[in-house]
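Chemist: Structure for the following, please:
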Amino acid sequence: MTKKQRRDAAGVRRRRDRRRQPRDERSVSCTTFNILAPIYKRMDSENCRESQYRAYWFSRNEKIIDRLLADRSSIICLQEVWLGNDELVDMYEKRLGDANYTLFKLARTNNRGDGLLTAVHKNYFHVLNYRELLFNDFGDRVAQLLHVESATSFLQNRGSSCVQQQSIIVNTHLLFPHDHSLSIVRLKQVYKILQYIEAYQEEHKLGPIPIILCGDWNGSKRGQVYKFLRSQGFVSSYDTAHQYSDSKEDAHKWVSHRNHRGNICGVDFIWLLNPDKCRKPLKTSWNEAVLGIIKYLLLQVAFLSEENAFALLKADNPGDNITYSSFYQALCQLGMVHPYRLSSEEIEDLWSEADRDGDGVIDYKEFQRCIWSPKCCGQEEDDSEYNIADGSVDTFEANDETFGFTVKEAVLFPPEVEKGMWPENYSLSDHAPLTVVFSPVRMPRSPRTPGTL
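Modeler: Take a look at the predicted model:
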């Protein structure tokens, strides 16, 4: 049996075991699902939308709610909810409310018609705080932040006292990458989310707690958003559950979306950041990610060689150095200087990151090291999950411990998408719902440093 055959057989066994085994009562689950707003769902004609036919959108959303209630996730994060239609909103509020969920809605800015809906099951979590994040940029995107606490005690600490675990949950829907110029906008949306989380933790003097980011990220494992989140210590819950790596070979093992162009790709993620590891400062990861986009634009869009890319950044300056003025001019040419993209302050921070010796210019070696061949957006630390049964977490002192989650299982529906295929008879949405089951676990507390989550 080949390695691929063994992995496929293991996947079949996992799916079979999930159907047979009841969930641990301490486990919590989270579902993310872009339900395709009727105002965007194309019918037979390009100019015809499902929103024009009540019977169609009503029936489809009834089926969506049926599936959500059957899964009974602890937290449900929906995107592209048609918040501009009171009847549809009432349908979700009534049925999910009757099922003991607390609902939070957030419309996109500028009356775009759709938005986010997050539902929290009262049996599993109490909502301590709710915040709304408006990006106020191109695309009118938004995000929801919920600070939650477990409704029941997950574990006992060494003093035999009960502990109710707190977590931060985020629901968002990033801008669609209509062209390469929007890569920086999408990256900045994620940067704003992480900055907001960091500020919220500082404001409320929170110690390290798990952070779960859910949503439609409109980008695959090959993109800068994925690499940026990995550089900050987040793991893709689905890839963790299925033991997929960040390699090119594992980049297309699964899909979750067939877009309006007919392309299938994996864009729906539930990201997990546990509080057990030190991470690089957020601004450092951001600067490295932006430098990565600059290289992409120079190499893949402008089709420049290393020497010609350096020449573009250097412009007409005498000598063999890039000045700040020529660097700024080149970023303008690449379409990166804009209020929705890079501000002057962010460009100055970027320059400081590239000008490592602080002499006011970037020589060829600094260009190679920081822009052309940077070690950025990589995951250099060990991302192995703690196993509740292995006992390793019990070697730490109580005051150095905190609580996090292990990824117990992760499922995409319909099953074909887990094999990288899109079934023609699937009609709930143009996205597949992703559900992840987490188990609480005690783990060592990571020391906090300024500028880290």
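
Chemist: From residue 434, how far off is residue 172?
Modeler: 14 Å (Cβ to Cβ, to the nearest Å). Just so you know, the C-beta spots here come from the backbone N, C-alpha and C atoms, and that holds for glycine as well.

Chemist: Equivalent analysis for residue 325, please.
Modeler: When residue 325 is compared with residue 434 (using Cβ to Cβ), they lie 47 Å apart.

Chemist: In terms of helices and strands, where is residue 31?
Modeler: Taking DSSP states H and E as the criterion, residue 31 maps to strand 28-34.

Chemist: for the protein, what helix or strand is lowest in average pLDDT?
Modeler: Least confident helix or strand of the chain, by mean pLDDT, DSSP states H and E, is helix 3-20 with a mean of 49.

Chemist: which residues touch the residue lying closest to residue 192 once chain neighbours are set aside?
Modeler: Of all residues beyond its chain neighbours, the one nearest residue 192 is residue 135 (6.0 Å), with distances taken as Cβ to Cβ, 6 or more residues apart in numbering. Applying Cβ atoms under 8 Å, 6 or more residues apart in numbering, we find residue 135 in contact with 141-143, 189, 192.

Chemist: repeat for residue 429
Modeler: Listed by Cβ under 8 Å, 6+ apart, the contact set of residue 429 reads 33-36, 64.

Chemist: Next one: it from residue 35, what distance?
Modeler: In terms of Cβ to Cβ, residue 429 sits 5 Å off from residue 35.

Chemist: what is in contact with these two at once?
Modeler: Contacts common to residue 429 and residue 35, judged by Cβ under 8 Å, 6+ apart, are residue 64.

Chemist: Who is residue 438 paired with across the strands?
Modeler: Applying DSSP bridges to residue 438 gives these bridge partners: residue 28, residue 407.

Chemist: who's more crowded, residue 325 and residue 434?
Modeler: residue 434 (25 against 10; other Cβ atoms under 10 Å).

Chemist: just checking, the more buried one touches residue 268?
Modeler: Yes. Using Cβ atoms under 8 Å, residue 434 is in contact with residue 268, at 5.1 Å.

Chemist: Need the residues touching each of the two.
Modeler: Contacts common to residue 434 and residue 268, judged by Cβ under 8 Å, 6+ apart, are 32-33, 256.

Chemist: Just the buried subset of those residues, please.
Modeler: 32-33, 256 (16 or more other Cβ atoms under 10 Å).

Chemist: Now do the strand holding residue 31: which elements does it pack against?
Modeler: On a contact count with 3 or more Cβ pairs under 8 Å, 6 or more residues apart in numbering; DSSP states H and E, strand 28-34 meets helix 54-71, strand 75-81, strand 166-173, strand 211-216, strand 268-273, strand 434-444.

Chemist: could you pull out the helices for the stretch 351-453 of the chain?
Modeler: Shown for the stretch 351-453 of the chain, the helices assigned by DSSP state H, counting those that start in this stretch span residues 364-367.

Chemist: And for the stretch 51-200 of the chain?
Modeler: Assigned by DSSP H, counting those that start in this stretch, the helices in the stretch 51-200 of the chain fall at 54-71, 86-98, 183-203.

Chemist: Tell me which of these approaches residue 410 most closely.
Modeler: Among these, helix 54-71 comes nearest to residue 410, with 12.6 Å by Cβ to Cβ.

Chemist: May I see the buried residues of that closest one?
Modeler: Residues 57-58, 60-61, 64-65, 68 are the ones in helix 54-71 that count as buried (16+ other Cβ under 10 Å).

Chemist: again, but for stretch 318-328
Modeler: 321-324, 326-328.

Chemist: Mark which of those residues are part of strands, please.
Modeler: 321-323 (DSSP state E).

Chemist: I'd like these laid out as a markdown table, including pLDDT and distance to residue 98.
Modeler: Formatted as a markdown table, these follow (pLDDT from 0 to 100; distance: Cβ to Cβ, whole Å):
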| residue | pLDDT | distance to residue 98 |
| --- | --- | --- |
| 321 | 91 | 67 |
| 322 | 94 | 62 |
| 323 | 94 | 65 |
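
Chemist: Out of those residues, which comes closest to residue 213?
Modeler: Closest to residue 213, out of all of those and judged by Cβ to Cβ, is residue 322, at 35.3 Å.

Chemist: Report the contact partners of the closest one.
Modeler: Residue 322 neighbours (Cβ under 8 Å, 6+ apart): 310, 313-314, 361-363, 367.

Chemist: Show me what it is bridged to.
Modeler: Beta-bridge partners of residue 322, as defined by DSSP bridges: residue 362.

Chemist: how close does it sit to residue 370?
Modeler: 11 Å.

Chemist: Could you name every residue contacting both of these two?
Modeler: By Cβ under 8 Å, 6+ apart, the residues touching both residue 322 and residue 370 are residue 362.
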